[in-house]
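Trainee: got a predicted model here, sequence first, then my questions.
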Amino acid sequence: MRRGGKIGWLAAAVLAAGWLAPPAQAERLVTSVSTHRVLITSNFAGTELVLFGAIDEAPPNTQIGAYDVVVSVRGPARSYVTRHKERMLGLWVNRDSREFSQVPSYLAVMSNKPIAEIGSAEMLRRYRIGLVNNVLPPPAGSDVVDVPPEDSFRAAFLRVKTNEGAYTADPKGVTFLTPRFFRAAVPMPGTAQTGDYQVETLLIAKGALLAQQQTAIEVVKTGFEAVIAQEARNHRFFYGLGTALIALLTGLIATLLFRHD
Amino acid sequence: MPIYLPIAELPVNIFLILGLGVAIGFISGMFGIGGGFLMTPLLILIGIPPAVAVASVPSHMAASSFAGAFSYWRKRLVDLGLGLVLLSGAILGTASGVWFFALLRRAGQLDLFIALAYIVLLTIVGGLMTAESVRAIVRTWRGTPPILRRPGTHAWFHGLPLKLRFRQSRIYVSAIPITVIGFAAGFIGAVMGVGGGFLLVPALIYLMRVPTTVSVGTSLFLTLLTMLVATVLHAVENRTVDAMLALVLMVGGVFGAQFGARAGQAIRAEQLRLLLGLIIIAVGVRVATDLINQPIEAFSVVPKEIWE
């Protein structure tokens, strides 16, 4: 299920490549994901997707290491509140908080070497490469006087999301199988939100972007899980009543089973 | 073995959830409490979002209290009249509690209030129960006969009007203090996200002088009714009832409750009260240590829609 904008991206990428390198070396990027639809079933506990990519039109004498590749997978955007606990009257209580609005609920950044070695800080920021560059610093709060520096909230947010498994940065996540052919493993945790995931592949050489490719993955619930989620949303009262009746029934069955005393 | 929870949107180990259901169901059947004050924090601890935990636990409490209530009902240990008077208070209390909950949330310190409420209430209730039951056990051990209820002793609330006779409970009191107890249990239950049975049972035993077994039976009956209503209300209001989580908890809970009810009727009443007192204190201490100890991670991340 490729997005309509793909052709446009490709065209833009080819144009960009045309500026940065001699026309004869206009590399093109071709990628393919192992599946475009992740189905959540009752035993879903996470999975792994594989992305394969080929660099077209590369010079014939290309060596491994001539190109750098970054694959970023961004899950559906959500808003989060990050809160900081401080000691007050001997108790640890939430004091200050920052809101991160519309950041990816899931984020994986795979590359063939550490992000810092791929390009300048300015270039990484412009193309949203790396965990930090995908999450804007939160707006400052006006209510509290002695706040930790703003960036500590962003660092904490990234740390907590990484510990949860929702964010991953893997500097060895992209492997070159030949000088022009690479693969990347995308871990999909069991806690993955349903929705559309954008997969972006960037081809970089010597700190300059040569080409980029975008595609999408859809994470959907199927079968019984989908039915439950739909009913809970669309028929709230009957869903609640049904759950209450199941509770009564379960209690009744157990009582009857244990009756012979 | 993992199982995917469609509303919580995460996989959990089915045996962990089942085991949790059995353990809390056992305690529920044994002491005639819903067990929400244990279950809700434990589910949050294993990573279930608080909104889903709070909304899904009531159906588990309904299922496990059904088995217990039925078992006590057959032994004529449920006082229907007392239960209905308590229920009228509990409904009012729950409605006020939900309103107060919203007020606190706007003030921004909801979880601190909940933690402090847990600590204060659990320590007082647990401490009183433990102290009283230890005295009773020591008396039995020494061979001193237990102090019987003297017919002349009247608390101040015995003078109130609207007197009703509750046969199974062997009390003759005004409906006013009973409604107030029901109100308090409903109010605190709604604010703290628990059933309120851990307050109801001691209040009936120590304030109203209802026999322990009838208190337990009546509390189970009341828990069953209020939790069924709570399940429907949460489904309509919050849409966070996870039927899959609820079902696994229920199946574990009803079996646990069967054994719990039997264990509860087999051991002596004062030992039962001592055990419940100790469990309540233990939970209170656990909540207190979380507040006092320095957290490993001082930051927490919550999806905005759960917090707002």
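Mentor: Yep, it's here. Numbers count the residues shown, from 1 in each chain, chains lettered A, B, ... in the order given.
Trainee: just give me the neighbour total for residue 49.
Mentor: Here I'm looking at chain A. The tally of other residues near A:Leu49 (other CB atoms under 10 Å in any protein chain shown) stands at 19. In short, each C-beta sits where N, CA and C put it, glycine included.
Trainee: my bad, the chain I had in mind was chain B
Mentor: Residues near B:Pro49, counting by other CB under 10 Å: 20.
Trainee: surely it meets B:Ala8?
Mentor: Yes. Assessed by CB atoms under 8 Å, B:Pro49 is found in contact with B:Ala8 at 5.9 Å.
Trainee: what secondary structure does B:Gly277 sit in?
Mentor: helix (DSSP: H, G, I helix; E, B strand; the rest coil).
Trainee: what residues does the stretch 51-200 of chain A have near chain B?
Mentor: A:78-87, A:90-94, A:99, A:101, A:153, A:156-157, A:159-161, A:163-164, A:190-191, A:193-194 (CB under 8 Å from any CB of the partner chain).
Trainee: one more time with 6 Å
Mentor: A:78-85, A:91-93, A:156-157, A:160, A:190-191 (CB under 6 Å from any CB of the partner chain).
Trainee: so which two of these are the farthest from each other?
Mentor: A:Leu91 and A:Gly190 (34.3 Å; CB to CB).
Trainee: what's the neighbour count on B:Arg165?
Mentor: Using other CB under 10 Å, B:Arg165 has 10 neighbouring residues.
Trainee: which strands and helices sit next to the biggest helix by length in chain A?
Mentor: When chain A is parsed with DSSP state H, its longest helix is helix A:236-257. Counting by 3 or more CB pairs under 6 Å, 6 or more residues apart in numbering or on different chains; DSSP states H and E, the packing neighbours recorded for helix A:236-257 are helix B:50-74, helix B:212-237, helix B:243-266.
Trainee: deepest of these, which one?
Mentor: Of all the helices and strands packed on helix A:236-257, helix B:50-74 has the most neighbours on average by mean count of other CB atoms under 10 Å in any protein chain shown, namely a mean of 28.
Trainee: so how far is it off the chain centroid?
Mentor: On the basis of CA atoms, centre = their mean, to the nearest Å, helix B:50-74 sits 10 Å off its chain's mean C-alpha point.
Trainee: and the residue nearest the centre of chain B?
Mentor: B:Gly197 (3.2 Å; CA atoms, centre = their mean).
Trainee: leaving out sequence neighbours, find the closest residue to that one.
Mentor: Counting by CB to CB, 6 or more residues apart in numbering or on different chains, B:Ile33 is the residue found nearest to B:Gly197 once chain neighbours are left out, at 3.5 Å.
Trainee: quick one: the helices in the stretch 101-250 of chain A?
Mentor: Secondary structure of the stretch 101-250 of chain A (DSSP state H, counting those that start in this stretch): helices at A:121-126, A:150-164, A:223-234, A:236-257.
Trainee: out of those, nearest to B:Leu16?
Mentor: helix A:150-164 (18.1 Å).
Trainee: could you list the buried residues of the closest one?
Mentor: Buried residues in helix A:150-164, counted by 16 or more other CB atoms under 10 Å in any protein chain shown: A:153-158, A:160-161.
Trainee: got TSV for these, with distance to B:Arg170 too?
Mentor: Below are the buried residues of helix A:150-164 laid out as TSV (distance: CB to CB, whole Å):
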residue	distance to B:Arg170
A:Phe153	61
A:Arg154	65
A:Ala155	64
A:Ala156	59
A:Phe157	60
A:Leu158	63
A:Val160	56
A:Lys161	59
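Trainee: out of those, who's nearest chain B?
Mentor: A:Ala156 (3.6 Å; CB to the nearest CB).
Trainee: which residue packs closest to the closest one, ignoring adjacent ones?
Mentor: That would be B:Phe299: by CB to CB, 6+ apart, it lies 3.6 Å from A:Ala156.
Trainee: just grab the bridge partners of the one you found for me.
Mentor: Under DSSP bridges, the beta-bridge partners of B:Phe299 are A:His84.
Trainee: ok, the residues of the stretch 51-200 of chain A next to chain B vs A:Thr215, which is closest?
Mentor: Using CB to CB, those come closest to A:Thr215 at A:Arg78, 21.5 Å.
Trainee: surely the closest one is in contact with A:Ser105?
Mentor: Yes. Taking contacts as CB atoms under 6 Å, A:Arg78 lies within contact range of A:Ser105: 4.5 Å.
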